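*Asks:* Sequence plus predicted model, see below.
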Amino acid sequence: PDDKVNGKSIGSCLGDEYSVRWMEDSDSVSSETLAQQFTAVKNKTVKSHVMQYGDLSWTGLDIFSFQGTKDNKAVPTLMVPSHKVEESRAVNSRDVKLHYLYSKYVRSGANADAEELHTELKMRTD
């Protein structure tokens, strides 16, 4: 239901909860380290299982080393979100496909979409 761009529904998930929260945190680039940012965003993410992988030796670096300068002069503002993620609209990452199929069926009312939704539900209950 929130997949509209310029007023047109694009039938897509626009971002998982962790990614959206990370982008919101990145809107205020600071002297926070990558490790601090990861922890802060992870603590705000309740509907996804957040993990870290790979070489973590560089997580002590400041995020401005990757996303702009401390004074934000090098960080272009391409889009400023008009609202933050509302908890009631967030979807567990494991249920994204189910929510997508449900929204698709609600919009179209087509039998094929109903069957696709039914198949997904059946797989979850078998």
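*Replies:* Perfect, thanks for sending it. Numbers count the residues shown, from 1 in each chain.
*Asks:* Please name the nearest non-neighbouring residue to F38.
*Replies:* Nearest non-adjacent residue to F38, counting by CB to CB, 6 or more residues apart in numbering: Q52, 6.4 Å away. Bear in mind the C-beta positions are built from the backbone N, C-alpha and C, glycine included.
*Asks:* What of D113?
*Replies:* Nearest residue to D113, sequence neighbours excluded (CB to CB, 6+ apart): Y105, at 4.1 Å.
*Asks:* Give me the next element, helix or strand, following the helix or strand encompassing the one you found.
*Replies:* If you go by DSSP states H and E, Y105 is part of helix 96-108. Using DSSP H and E, the next helix or strand after helix 96-108 towards the C-terminus is helix 111-125.
*Asks:* what stretches of this protein score poorly on pLDDT?
*Replies:* Residue ranges of the chain with pLDDT under 70: 1-2, 29-30, 68-89.
*Asks:* go again using 80 as the cut-off
*Replies:* Along the chain, segments meeting pLDDT under 80 span 1-4, 11-15, 27-31, 64-93.
*Asks:* Enumerate every residue touching the residue nearest to D113.
*Replies:* Neighbour list for Y105: 113-114, 116-117 [criterion: CB atoms under 8 Å, 6 or more residues apart in numbering].
*Asks:* And L101, by the same measure?
*Replies:* So L101 contacts 113, 116-117, 120 (CB under 8 Å, 6+ apart).
*Asks:* If we use 6 Å, what do you get?
*Replies:* Residues near L101 by CB atoms under 6 Å, 6 or more residues apart in numbering: 116-117, 120.
*Asks:* And for L14?
*Replies:* By CB under 6 Å, 6+ apart, the residues touching L14 are D3.
*Asks:* Mind doing that once more with 10 Å?
*Replies:* By CB atoms under 10 Å, 6 or more residues apart in numbering, the contact set of L14 is 2-5, 20.
*Asks:* Check whether A35 really touches W58, as I assumed.
*Replies:* Yes. Taking contacts as CB atoms under 10 Å, A35 lies within contact range of W58: 9.4 Å.
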